[in-house]
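Trainee: return atomic coordinates for the entry below.
(2 chains)
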Amino acid sequence: MSVRLLNTASRSLENFTPLDPAGRVVKMYTCGPTVYNYAHIGNFRAYIFEDLLQRHLEVRGYAVERVMNLTDVDDKTIAGCKRCGVPLADFTQTFKDAFFEDIKTLRIRPATHYPAATAPEYIERMIDMIKTLQAKEIAYLAEDGSVYFRIAKFPRYGELAHLNLEELRPSGRIQSDEYEKEAVGDFALWKAWNPNDGDVWWESPWGRGRPGWHIECSAMATALLGPELDIHCGGVDNIFPHHEAEIAQSECVTGRHFARTWLHCAHLMVDGQKMSKSLGNFYTLRDLLAKGYSGREIRYVLLSVHYRLPLNFTLSGLDAARAALERLDAWVERLQTLAGETLASKEHPPTPACTRFLEALDDDLNISGALGHLFDWIRESNRAMDAGSVTALLAAQTLADFARIQSVLELGAETAAVPAQVLALVEQRQAARAARDWAGSDVLRDAIAAAGWQVKDTKQGPQLTRV
RNA sequence: GGCGGGGUCGCCAAGUGGUAAGGCCGAGGUCUGCAAAACCUCUACCGCGGGUUCGAUUCCCGCCCCCGCCUCCA
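Mentor: Model prediction:
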């Protein structure tokens, strides 16, 4: 069974096949962060969805070449660097560094390329693309020195979002300062410098200015992945106008079909409401780490809801994630103890549970269904271990299959070395228990807990867990 | 007004034309020196009203409610 994905362009479930004649390489473009602040968990919801997609494609044998852009020039980054009184590049570097730290914390597999909008080669490419569009009379220079895309020249504009442009109701968000446009829907390819931009500008055939947002993605995607992409992802809010604009620009320049599969994840809500600073429910990753939650707990929460469903993020959801992960960890520990040094044979047939897990993900990344299979498997396996019917070999094979699942989930426990002092306490406690000195044993258990470890007495002996 | 996503157990959330996975929390139990873990048992008339059908949570129609987009927000 192949991987099936719901393509925003067709609004239907499609069997996924890459363009690569060998059917192996997948070219994937994912809209990345605007580096004007620390990214919030809503941003990471999108990045974790893309991570899940990439990892699942990889487990299915594809080689994913992925690009994630860094938008390091726009109104917000310019406003930010002015506020701080530092050069734009210094301002954005802080948040680029933070972004890379954060994705590491969340165990997001790095993309192949992270092109930045301000890199000279991409600025140059954007200018070239705009020149091409201008030569085709698709782009026009306005009186203020900005260059706009004439959407009347691209009849398919609006198709991805299923919008009929004639029926659009004007919303308050239309920029009132763009008087120069021929049509209200035309979007900026190149923005002329204005005094607010300070020393942020690049020379161009149209004078000083900076690129528009949309052209950035078109330029970097086609530069790094070629004119046709297999998959293009982003949040639902990017469908219109951003992705429409990308399609229009790219296709008018290359003459090729830009992206074959469009995937969009739904928004994240907090406590049932839109996350916003004024409601006080706005979380960056760092806010949650400061509350004592770990990257993998946050990863679990963001991962465990299907990407096209709105995700309602709550602190109690994080607590539930913690409990679920502890259950998972305890199971793995048990298996490891049983397996000891035994290795799984390379030829063993996969456990049906592992197969079911991956098949659920084949179905448009049905993560909830997949996790359901995983927890069914955990219960059955625990039951078998309780009954004493699991051999070292079976435990080893179970672990080998689970490793396959973990290559997609990446939810393994952090391993921490047990300090010698704690080990000594555990030994003393074992001696006390052997002597049936229960009071002494309990005092030692408290001492171990005070050192940050929990000791559990199992049939195989005491087991330590980091608290 | 247009386009789109939702309403399934206290919370999160799968799923199917034949009376509903899983996780968390809760109650009781087995095991254990006591714990912990694990396991077992228990907890849902699937937003409302019609229709199609032998039978609908699942298909169709209407309605209510929530959320998003509608020109630079993941």
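
Trainee: quick one: strands adjacent to the helix or strand of chain A with the lowest mean pLDDT?
Mentor: Every helix and strand of chain A was ranked by mean pLDDT, DSSP states H and E. The lowest is strand A:273-274, at a mean of 77. Applying DSSP bridges, strand A:273-274 is found paired with strand A:268-270 (antiparallel).

Trainee: mean confidence score for the strand it pairs with?
Mentor: For strand A:268-270, the mean per-residue pLDDT is 88.

Trainee: what's that strand in contact with?
Mentor: A:41-42, A:45, A:275, A:279, A:281-283, A:302, A:310-314 (C-beta atoms under 8 Å, 6 or more residues apart in numbering). C-beta coordinates here come from the backbone N, C-alpha and C atoms, glycine included.

Trainee: same thing but at 6 Å, please
Mentor: A:42, A:45, A:281, A:310-313 (C-beta atoms under 6 Å, 6 or more residues apart in numbering).

Trainee: with stretch A:57-64 instead?
Mentor: With C-beta under 6 Å, 6+ apart as the criterion, stretch A:57-64 contacts A:3, A:24-26, A:28, A:54, A:407-408.

Trainee: try 8 Å
Mentor: Around stretch A:57-64, the neighbours that count as contacts under C-beta under 8 Å, 6+ apart are A:3, A:16, A:18, A:24-26, A:28, A:54, A:112, A:358, A:362, A:404, A:407-408.

Trainee: and if you look at stretch A:79-88?
Mentor: Stretch A:79-88 is touched from outside by A:36-37, A:72-73, A:77-78, A:90-92, A:118, A:196, A:198-200, with contacts defined as C-beta under 8 Å, 6+ apart.

Trainee: ok, 10 Å please
Mentor: By C-beta atoms under 10 Å, 6 or more residues apart in numbering, the surrounding residues in contact with stretch A:79-88 are A:35-37, A:72-74, A:77-78, A:89-95, A:118, A:196-200.

Trainee: excluding chain neighbours, give the residue nearest to the residue of the stretch 301-450 of chain A found nearest RNA strand B in space.
Mentor: Here the residue of the stretch 301-450 of chain A nearest RNA strand B is A:Gly372; by C-beta to the nearest atom of the strand that distance is 2.5 Å. When the adjacent residues along the chain are set aside, A:Gly372 lies closest to A:Ala360, with 7.8 Å between them (C-beta to C-beta, 6 or more residues apart in numbering).

Trainee: list the residues that contact that neighbour.
Mentor: The neighbours of A:Ala360, taking C-beta under 10 Å, 6+ apart as the test, are A:366-374.

Trainee: the same query, at a cut-off of 8 Å, please.
Mentor: By C-beta under 8 Å, 6+ apart, the neighbours of A:Ala360 are A:366-367, A:369-370, A:372-373.

Trainee: what's the local residue count around the closest residue to A:Pro115 other than its chain neighbours?
Mentor: Leaving aside its sequence neighbours, A:Pro115 sits nearest to A:Met220 (C-beta to C-beta, 6+ apart; 4.3 Å). Neighbourhood size, A:Met220 [other C-beta atoms under 10 Å]: 26.

Trainee: pLDDT wise, what is A:Met220 at?
Mentor: 96.

Trainee: report whether the least confident helix or strand of chain A contacts RNA strand B.
Mentor: Yes - applying C-beta under 7 Å from any atom of the strand, one finds strand A:273-274 in contact with RNA strand B at A:273-274.

Trainee: quick check: what element follows the helix or strand in which the residue nearest to A:Gly372 is found along the chain?
Mentor: Using DSSP states H and E, A:Ala360 maps to helix A:352-362. Using DSSP H and E, the helix or strand that directly follows helix A:352-362 along the chain is helix A:367-386.

Trainee: helix or strand right after that following helix?
Mentor: Using DSSP H and E, the first helix or strand after helix A:367-386 is helix A:392-409.

Trainee: and the helix or strand following that following helix with RNA strand B, contact?
Mentor: Per DSSP H and E, helix A:392-409 leads on to helix A:420-434 as the next helix or strand towards the C-terminus. Yes - judged by C-beta under 7 Å from any atom of the strand, helix A:420-434 and RNA strand B are in contact via A:Arg433.

Trainee: can you tell me what sits against helix A:420-434?
Mentor: With C-beta under 8 Å, 6+ apart as the contact definition, helix A:420-434 has outside contacts at A:438, A:440-441, A:444-445, A:447-448, A:451, A:453, A:455, A:457, A:461-462, A:464.

Trainee: out of the residues you listed, who has the most neighbours?
Mentor: Neighbour max across the contacts of helix A:420-434 (other C-beta under 10 Å) = A:Ile448, 23 neighbours.

Trainee: and that one, that one's in a strand?
Mentor: No - using DSSP: H, G, I helix; E, B strand; the rest coil, the assignment for A:Ile448 is helix, not a strand.

Trainee: contact partners for it?
Mentor: A:422, A:425-426, A:429, A:454-455, A:464.

Trainee: show me which residues of the stretch 1-150 of chain A are close to RNA strand B?
Mentor: Counting by C-beta under 7 Å from any atom of the strand, the residues of the stretch 1-150 of chain A close to RNA strand B are A:11, A:31, A:33-34, A:40, A:42-43, A:45-46, A:74-75.

Trainee: who wins on neighbours among those?
Mentor: A:Ala46 (27 neighbours).

Trainee: the strand or helix carrying it: what's the following helix or strand?
Mentor: If you go by DSSP H and E, A:Ala46 is part of helix A:41-59. Counting by DSSP H and E, the next helix or strand C-terminal to helix A:41-59 is strand A:63-68.

Trainee: helix A:41-59 and that following strand, what's the angle between them?
Mentor: 160 degrees (axes from the mean of the first three to the mean of the last three C-alpha atoms, to 10 degrees).
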